[in-house]
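Trainee: With the sequence up front, the predicted model follows.
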Amino acid sequence: MAVDIGDPKSGFRHCEVAVFINEEVTRNGGGPGFYLTFRSRPWKDIEDGLRSVVADTHLPRTIKRACAWSALALSVRVASRQRERQTRRVQQLNNQVEEREAATWTLATDLQRLREERDEVVSELRSAKDNLKQVLQERDILHKKLIEFELSQKLLAESQDTEYPGTLRWPLIAKQHRKPLETGLQNEQYAVFPKKAQTASMTVLETLSEAEEFPASDM
């Protein structure tokens, strides 16, 4: 028997077909030799083997016909084997597609999260920029007020010097005249009228003391 009906790798789904092929192989004087020789070979080798049989002029036509039926059975076996490989390959490709879809979903989720974080950072940067702009504006206003204050103080000092040229401030006058008065009292420069001079000098010293406590700028 060329084709084993119970072989699941034979490629035949109906046993009647396998039985008919075996009968044709046997009727033409063939046997399982050709089928067993090439059952694990690729179709290229099977076709080459069949060609050598067909091209052999010494073999009878019935043997050639029997080998042709065996080659037909082998072609079904090869097709079944290729179908199984393709099925496994398709399954592998499906698994790869599922893995890549899962990876794509993960990447999409990560990308969405990164976009949200980016939007949050952009919002914080904009808020910080607005705060910085406000602080800079306040700084410019304070700097302008400081310049105006310094300018007003300078103008006030110049106006006082213009209105009373050559005058000295009370604290400086008091310091300049206190020491001579004290020295004059000690040297009895007012000896002609001791009592009156002493009283007048004390009055001047008191006035100078008050002048030191209350500067001209506060008057």
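Mentor: Looks like it came in fine. Residues are numbered from 1 along each chain as shown.
Trainee: can you map out the helices along this protein?
Mentor: All helices of the chain, identified by DSSP state H, fall at 15-27, 33-38, 43-55, 61-163, 170-186, 194-213.
Trainee: Just say which of these is most tucked in.
Mentor: helix 33-38 (a mean of 19; mean count of other C-beta atoms under 10 Å). C-betas here are computed from N, CA, C, even on glycine.
Trainee: can I get the helices of the chain in a markdown table with mean pLDDT?
Mentor: Shown next, in a markdown table, are the helices of the chain (pLDDT from 0 to 100):
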| stretch | mean pLDDT |
| --- | --- |
| helix 15-27 | 92 |
| helix 33-38 | 93 |
| helix 43-55 | 95 |
| helix 61-163 | 93 |
| helix 170-186 | 48 |
| helix 194-213 | 48 |
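Trainee: okay if I get these as a markdown table plus distance to Asp7?
Mentor: Output for these, formatted as a markdown table (distance: least, C-beta to C-beta, whole Å):
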| stretch | distance to Asp7 |
| --- | --- |
| helix 15-27 | 9 |
| helix 33-38 | 11 |
| helix 43-55 | 17 |
| helix 61-163 | 8 |
| helix 170-186 | 127 |
| helix 194-213 | 129 |
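Trainee: Among those helices, which comes closest to Lys9?
Mentor: Lys9 sits nearest to helix 61-163 of all the helices of the chain, at 6.5 Å, using C-beta to C-beta.
Trainee: ok now do Leu142, which residues does it touch?
Mentor: With contacts taken as C-beta atoms under 8 Å, 6 or more residues apart in numbering, Leu142 has no neighbouring residues.
Trainee: gap between it and Phe149?
Mentor: Distance, Leu142 to Phe149, by C-beta to C-beta, to the nearest Å: 10 Å.
Trainee: Can you spell out the domain ranges of the chain, please?
Mentor: The chain is divided into the following domains under automatic domain parsing: 15-102, 168-218.
Trainee: Can you get me the start-to-end distance on the first one?
Mentor: It refers to domain 15-102. 45 Å (C-alpha to C-alpha, to the nearest Å).
Trainee: how far is it from where the chain is centred?
Mentor: The chain centre lies 59 Å from the centre of domain 15-102; the measure is C-alpha atoms, centre = their mean, to the nearest Å.
Trainee: Count the residues that sit near Asp4.
Mentor: For Asp4, the neighbour count with other C-beta atoms under 10 Å is 17.
Trainee: in this structure, which residue is closest to the centre?
Mentor: With distances taken as C-alpha atoms, centre = their mean, Leu114 lies nearest the centre of the chain, 6.7 Å away.
Trainee: Next one: it from Ala108, what distance?
Mentor: Distance of Leu114 to Ala108, given as C-beta to C-beta: 11 Å.
Trainee: Do you know the pLDDT at the residue lying closest to Pro60 once chain neighbours are set aside?
Mentor: Closest residue to Pro60 apart from its sequence neighbours, by C-beta to C-beta, 6 or more residues apart in numbering: Gly29 at 7.4 Å. In this model, Gly29 is scored at 91, pLDDT.
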